[in-house]
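Q: Generate coordinates for the sequence data below:
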Amino acid sequence: MAIDKVTLHVETDGDSRASEIIADLRTVAETLYFPMKLVGFWDYQAGMHLCPHEERGEACPHNLPKDDPQYVDYAVTMQRERRANIQVIFPHASVTIFLS
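A: Down below sits the predicted model:
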């Protein structure tokens with residue numbers, strides 16, 4: 001079964017800007033899809049993610065070039081290892097949150 005992808009576009013008419021803080025985005029995603037909880041995230045601006053491979057002391061396969069045989073897509077890892085069902089994308093913050 002493929003992971004569901006949801007994109008939340010935040011548009012403002014003025015000088016206000018939506019939060020880009022992961023904790024805030026987590027709250028939004030978990031509120032929209034309660035009782036699901038965060039199992040992973042990728043912050044593209046900061047170049048960081050919650051990596052199960054690194055947590056086990058292994059090399060991270062997510063930052064490798066896509067044509068590298070060791071490359072693994074992060075969404076696939078989240079789905080297999082953390083049972084992620086929904087990928088919530090926040091384009092304004094360049095953050096994706098995975099929920100299970």
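Q: What ranges does this structure have for its helices?
A: For the chain, the helices defined by DSSP state H cover 22-32, 52-55, 74-82.
Q: Please name whichever of those helices is nearest to Asp43.
A: The closest of those to Asp43 is helix 22-32. By C-beta to C-beta, the value is 6.2 Å. Backbone N, C-alpha and C define where each C-beta goes, glycine included.
Q: list the buried ones in the closest one?
A: 22, 25-26, 28-30 (16 or more other C-beta atoms under 10 Å).
Q: re the thing from before, between the helices of the chain, which one is closest to Asp67.
A: Of the helices of the chain, nearest to Asp67 by C-beta to C-beta is helix 74-82, at 16.0 Å.
Q: by contact count, what packs against the closest one?
A: Applying 3 or more C-beta pairs under 8 Å, 6 or more residues apart in numbering; DSSP states H and E, one finds that helix 74-82 contacts strand 38-43, helix 52-55, strand 95-99.
Q: Can you name the residues in contact with the last one?
A: Residues lying outside strand 95-99 but in contact with it, judged by C-beta atoms under 8 Å, 6 or more residues apart in numbering, are 3, 20, 22, 25-26, 29-30, 33, 36-45, 75, 78, 82, 84-90.
Q: quick one: low-confidence ranges for the protein?
A: Scanning the chain for pLDDT under 70 picks out 1.
Q: any idea how far Asp4 is from the residue in the chain sticking out farthest from the centre?
A: In terms of distance from the mean C-alpha position of the chain, Gly14 ranks first, at 27.8 Å (C-alpha atoms, centre = their mean). Using C-beta to C-beta, to the nearest Å, we find Gly14 at a distance of 32 Å from Asp4.
Q: Equivalent analysis for Ala29, please.
A: Ala29 is 12 Å from Asp4, by C-beta to C-beta.
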